[in-house]
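# my questions are about this predicted structure, shown below with the sequence.
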Amino acid sequence: MWWLSIILFLKSALTAVVIVAFWQMSRTDRLNTGASQQLIRAQWISLGGYFIILFSEVIIYWRLRYYQLNRRLIWGHLTGWIIAIIGMPLLYAIATIWVSSQFPAEKVQSGLATLTSIQVGVMWGVLIIGHLCFVLVLVDAYKKKNHPEQNTDDDAENFLNDYNA
């Protein structure tokens, strides 16, 4: 449960860095002020969405804390979040710097478009796999346990009568 809080904190820190970068670029005229405001607004909205989803999952895991849960599925869910929310943006930033420094200016745009497509595809794939693990955790937690069949015969109530002396 505390892992989700750590993920939210790290995502908030990364979003703050992105917002500061957009703000700095808008101040130095590298980015249109209207476009930077849209990017900053989009970052705030995505952070709010992440917060709502992660907070609801923390509450669900907190309610399930006494259940016997499959730890591998829980770690699959958390790993999906970590890769999608923290790992992919960091790898994307590193790859963007590499593409910008290795390719000529006319090819950078197409390289960044390809990188963006790869990043979005991998991020959504990992999130889907991670949340399939989460759904399996919920199914496992709430499935009915197999109870021994109860005998409905009239003699079942008086099974100790045979031993009374």
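Cool, the structure landed. Residues are numbered from 1 along each chain as shown.

# where does this protein dip in pLDDT?
1-3, 21-37, 39-40, 144-165 (pLDDT under 70).

# could you chop it up by domain?
1-63, 68-144 (automatic domain parsing).

# can you add mean neighbour count and give the ones you listed back as TSV?
(C-beta placed from N, C-alpha, C; glycine too.) Shown next, in TSV, are the domains of the chain (neighbours: other Cβ atoms under 10 Å):
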stretch	mean neighbour count
domain 1-63	14
domain 68-144	15
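
# which residue packs closest to Ile85, ignoring adjacent ones?
Spatial nearest neighbour of Ile85, excluding adjacent residues (Cβ to Cβ, 6 or more residues apart in numbering): Lys11 at 4.8 Å.

# which element, helix or strand, includes that neighbour?
helix 2-27 (DSSP states H and E).

# centroid residue for this protein?
Trp81 (3.1 Å; Cα atoms, centre = their mean).

# go ahead and confirm the residue nearest to Ile85 touches Gly48.
No: using Cβ atoms under 8 Å as the test, Lys11 is too far from Gly48 to be in contact (11.2 Å).

# name the helices or strands packed onto the longest helix along the chain?
Determined from DSSP state H, the single longest helix within the chain is helix 105-142. Helix 105-142 makes packing contacts with helix 71-81, helix 88-102 when contacts are defined by 3 or more Cβ pairs under 8 Å, 6 or more residues apart in numbering; DSSP states H and E.
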